[in-house]
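# Sequence plus the predicted model coming up.
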Amino acid sequence: MNVILLAQKHGIKINPQRGKQKTTCPKCSHSRTHTNDPCLSVRIDNTGIGWRCFHCGWTGGEIA
């Protein structure tokens, strides 16, 4: 499955580039003072996608 579709399934908005990137967290960013603060770290590689929010602690991953 496409990593973009895997991310969208969880409400994560990312670029299709492999590697590490930061974005807003779909679980907590809407309730924060700085709603556009990129607190969700996302890793995309050949095996799939993984993420961790440095604000609320939400973690997860999917195998592509």
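That came through, no problem.
# can you pull out the strands in the chain?
19-23, 40-45, 48-53, 59-63 (DSSP state E).
# Go through the last one and flag the buried ones.
What that stands for is strand 59-63. Glu62 (16 or more other Cβ atoms under 10 Å). The C-beta positions use only the backbone N, C-alpha and C, and glycine is treated the same way.
# That strand: how far from the chain's middle?
9 Å (Cα atoms, centre = their mean, to the nearest Å).
# which residues of this protein score low on pLDDT?
Filtered on pLDDT under 70, the chain yields the residue ranges 1.
# what's the span of stretch 45-54 from first residue to last?
Stretch 45-54 has an end-to-end distance of 20 Å (criterion: Cα to Cα, to the nearest Å).
# Can you get me the centre-to-centre distance for that stretch and its chain?
On Cα atoms, centre = their mean, the centre of stretch 45-54 falls 7 Å from the chain's centre.
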